[in-house]
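[1] Sequence plus the predicted model coming up.
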Amino acid sequence: MKYQTIAFATSTLVGLVAASPYHRHHHLRRVSKREVPQEHSHEIFLNITREFLNKENPKAIADPVFGLLGDAAAKTGAGQVTNLACLQQETADQAFTNAKAAKDIRGMSAALVYQTLERNTAGVGVNSAACTDKPVNAEIAALSKKHQDPAADGAAANNKEVALALAKQLAAVGGDPMLALESGTFAPGDKSDTTFKGLSCDTDTDPTGCIFTEKKLVLDATPDEITAAAKGVTQTVTGGTGELKATHIDITGLAVAGQTGAQTQANNGTAGGNNGNNSNNNGNANSGNANTGSGNNVQTFTGSLGGAPPPVIQSSGDRPFSVNGDTFVGKGAALGRSCDVQHNACARAVNSGQLDGEVSQCDEQNTQCRAQANLRKRFFKRQATDFGSCSDPSVVFKDGLPDRQAAAFIANNQGDFNHGSAQKIGIIAGFICQRLSDSCKAPAATIESCNKAQTAAVAATQDETAANVFNSMLIGGSASGNVTARGELRLH
């Protein structure tokens, strides 16, 4: 990625650093050059890598995003890592170590993908510096190469090699090799472009990643090539739990690097990716009804205020419907999630001034979206109360927290949800939902309610309002007197 000469205050990065339980920075210094951003383009993998990095982070790396920045910005969040060319690898290696110890396929998969993502560099077509340090994990070591700026000489061949190597490592840990396609980068920019922007995007409020939702991803290989690369790979991690499937996007129609005018054959039912071979847990990964992003989109609502609703991909399996990587048993629940994600995007656009009018127009569109899917209009009352072996998953927003000069979010129950505070509720809410699933063994209905509460809270004003939204949707009330309960609350 590319440099642009401007002075800036890294407000987003300040929030990320402050969110880390290993927070050591009170501020980020200003720097004279800023890479035109793309570090949030693959946000889903950063979010999961952050989750597992924070389980044990001996080198106090502030956040995975720093590993994708140029040296000047990366230095502020590198913790005890001194070789900045290896900060991305150090981050991936530690997150993978933590996930592997828990035999968590989801965490291992995300760390592997993160290790291969393109890092910001000093211009269009410039390669990032290689890391020559040896990581702890052989799986990370096998991915010493990473994606390079697509405008660089030989980038298409390099990036394809990276994707195929990644597919093998994903298969080895019991993950979905098709995730390797999601590690790709953008279309090549113009080396003579004096803005240095290229064709990238960067949206830190998109939980999936703008490269996916804006359909800017260029595939490094075809699904058939990924399947062939993973075929015969011996699975080295057994008994793993959790999963991360390549269902975040519909890859149909995306171009393949180096193939002029090429389109993937992922959704035409004839690609025959695995030819019925179910090895490596990704059995019909490329067929028309597979459990990948190549399934059929059953979301038919065409309203586009604030953006179109995300696809609802129908495939096979016990949870055959997926929206932005979250899977559902029923079609109705998945369509409802899609409508509500669109509503959040619309509300954010109104609140930020990008869209004229009031949030009520987003409410009306949400009503239409849900009506088309034959779903009742949603009001958020008391939700699931079975939290498994845990209790009180509420969030509070308060002053006086350690290492905080201003109010922040923190889990009210530090016994069951032991996590540091954060300036954005998404980090705390995401941790609570993950803990409810993994450690607390809460039922699926509770997990789904938590995920919906997290989505709504992230879209709300980041103060008591966000905590109120999360608590109202998940437990139906307030926490420790810090949040005002509401009887009914729409997704705002």
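    Sure thing, it's come through. Residues are numbered from 1 along each chain as shown.
[2] give the contact list for L436.
    387-388, 390, 393, 442, 446-447, 450 (C-beta atoms under 8 Å, 6 or more residues apart in numbering). C-beta: built from backbone N, CA, C; applies to glycine.
[3] And the helices in this structure, which stretches?
    Secondary structure of the chain by DSSP state H: the helices cover 11-19, 43-53, 71-74, 87-101, 105-116, 138-141, 155-172, 210-213, 223-230, 331-351, 360-372, 425-438, 444-459, 464-474.
[4] Pick the most buried one from those helices.
    Highest mean neighbour count among the helices of the chain (mean count of other C-beta atoms under 10 Å): helix 105-116, with a mean of 28.
[5] which strands and helices sit next to it?
    Other helices and strands packing on helix 105-116, by 3 or more C-beta pairs under 8 Å, 6 or more residues apart in numbering; DSSP states H and E, are helix 43-53, helix 87-101, helix 138-141, helix 155-172.
[6] and the longest one with helix 105-116, angle?
    Taking axes from the mean of the first three to the mean of the last three C-alpha atoms, to 10 degrees, one finds that helix 155-172 is oriented at 160 degrees with respect to helix 105-116.
[7] still on that earlier bit, would you turn the helices of the chain into TSV with distance to P310?
    Output for the helices of the chain, formatted as TSV (distance: least, C-beta to C-beta, whole Å):
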stretch	distance to P310
helix 11-19	23
helix 43-53	12
helix 71-74	30
helix 87-101	26
helix 105-116	19
helix 138-141	31
helix 155-172	23
helix 210-213	7
helix 223-230	21
helix 331-351	5
helix 360-372	11
helix 425-438	17
helix 444-459	11
helix 464-474	20
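[8] Of all the ones you listed, which one comes closest to P309?
    Between P309 and the helices of the chain, the shortest separation by C-beta to C-beta is 3.9 Å, and it involves helix 331-351.
[9] chain center to the closest one, what's the gap?
    In terms of C-alpha atoms, centre = their mean, to the nearest Å, the centre of helix 331-351 is found 17 Å from the chain centre.
[10] avg pLDDT for that helix?
    Helix 331-351 shows a mean pLDDT of 82.
[11] pLDDT and distance to V323 for the contacts of L436 - can I get that in TSV?
    As requested, these are exported to TSV (pLDDT from 0 to 100; distance: C-beta to C-beta, whole Å):
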residue	pLDDT	distance to V323
F387	87	24
G388	86	24
C390	87	26
P393	91	22
A442	89	20
T446	90	18
I447	90	14
C450	91	15
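[12] Between all of those residues, which two are separated the most?
    Using C-beta to C-beta, the contacts of L436 span at most 12.1 Å, a distance reached by C390 and I447.
[13] any low-confidence regions in the stretch 351-492 of the chain?
    Residue ranges of the stretch 351-492 of the chain with pLDDT under 70: 375-385, 476-492.
[14] Contacts only, for S439.
    389-390, 416.
[15] ok, so of these, who is nearest K134?
    Among the contacts of S439, and counting by C-beta to C-beta, the member closest to K134 is D416, at 37.7 Å.
[16] And for the residue nearest to that closest one when sequence neighbours are not counted, the neighbour number?
    Spatial nearest neighbour of D416, excluding adjacent residues (C-beta to C-beta, 6 or more residues apart in numbering): C390 at 3.9 Å. When counting by other C-beta atoms under 10 Å, one arrives at 18 neighbours for C390.
[17] C390 and F417 touch, don't they?
    Yes. Between C390 and F417 there is a contact under C-beta atoms under 8 Å: 7.4 Å.
[18] before we move on, the earlier item: so what's the residue nearest to D416 up against?
    413, 416-417, 435-436, 439-440, 442.
[19] what do you get if the cut-off is 7 Å, keeping everything else the same?
    416, 436, 440 (C-beta atoms under 7 Å, 6 or more residues apart in numbering).
[20] Okay, the second one and N120: tell me how far apart.
    By that I understand L436. 35 Å (C-beta to C-beta, to the nearest Å).
[21] which residues touch P207?
    Contacts of P207 (C-beta under 7 Å, 6+ apart): 43-44, 47, 324.
[22] how much space is there between D463 and Q423?
    Distance, D463 to Q423, by C-beta to C-beta: 10 Å.
[23] which residues sit in contact with N83?
    So N83 contacts D133 (C-beta under 7 Å, 6+ apart).
[24] And the pLDDT for it?
    Note for N83: predicted pLDDT of 96.
[25] sorry, back to before: turn the contacts of C390 into a markdown table, columns for distance to N83.
    Shown next, in a markdown table, are these (distance: C-beta to C-beta, whole Å):
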| residue | distance to N83 |
| --- | --- |
| D416 | 38 |
| L436 | 38 |
| C440 | 39 |
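[26] wait, doesn't G426 sit right on V458?
    Yes. Applying C-beta atoms under 7 Å as the test, G426 and V458 come out as touching, 4.4 Å apart.
[27] what touches both of those two?
    With C-beta under 7 Å, 6+ apart, G426 and V458 have no common neighbours.
[28] mind listing the strands for the stretch 201-350 of the chain?
    296-297, 313-314, 321-323, 326-328 (DSSP state E, counting those that start in this stretch).
[29] closest one to K59 among those strands?
    Ranking the strands of the stretch 201-350 of the chain by their distance to K59 (criterion: C-beta to C-beta) puts strand 326-328 first, at 31.3 Å.
[30] so what secondary structure elements neighbour that closest one?
    When contacts are defined as 3 or more C-beta pairs under 7 Å, 6 or more residues apart in numbering; DSSP states H and E, strand 326-328 packs onto no helix or strand at all.
[31] count of neighbours near A406?
    Neighbours of A406 using other C-beta under 10 Å come to 8.
[32] Roughly how far does the residue nearest to it when sequence neighbours are not counted sit from G357?
    Among residues not flanking A406 along the chain, D399 sits closest, at 7.2 Å (C-beta to C-beta, 6+ apart). As judged by C-beta to C-beta, D399 and G357 stand 35 Å apart.
[33] got it, and E90?
    In terms of C-beta to C-beta, E90 sits 46 Å off from G357.
[34] same deal with E39?
    In terms of C-beta to C-beta, E39 sits 32 Å off from G357.
[35] Could you do N57 as well?
    Here the criterion is C-beta to C-beta. By it, N57 lies 43 Å from G357.
[36] One more: F397?
    To G357, F397 is 28 Å away according to C-beta to C-beta.
[37] do T116 as well
    The separation that T116 has from G357, given C-beta to C-beta, amounts to 42 Å.
[38] and if you look at A156?
    Distance, A156 to G357, using C-beta to C-beta: 44 Å.
[39] Repeat that for A308.
    A308 is 18 Å from G357, by C-beta to C-beta.
[40] who has more neighbours, these two?
    The neighbour comparison of A308 against G357 (other C-beta under 10 Å) goes to A308, with 15 against 11.
[41] quick one on the thing from earlier: can you say which of the helices of the chain is nearest to A255?
    Checking the helices of the chain against A255 by C-beta to C-beta gives helix 155-172 as the closest, at 11.3 Å.
[42] and the closest one with helix 223-230, angle?
    Using the same axes, to 10 degrees: helix 155-172 against helix 223-230 is 60 degrees.
[43] contacts for helix 155-172?
    In this structure, residues lying in contact with helix 155-172 by C-beta under 7 Å, 6+ apart are 109, 112-113, 116, 139, 142-143, 145-149, 176-177, 179-181, 183-185, 220-221, 225-226, 229-230, 233-236, 257-258, 280.
[44] Check the residue nearest to Q434 when sequence neighbours are not counted and give its pLDDT.
    Distances taken as C-beta to C-beta, 6+ apart place E51 nearest to Q434, at 6.2 Å, with adjacent residues excluded. For E51, the pLDDT comes out at 93.
[45] Noted, bye for now.
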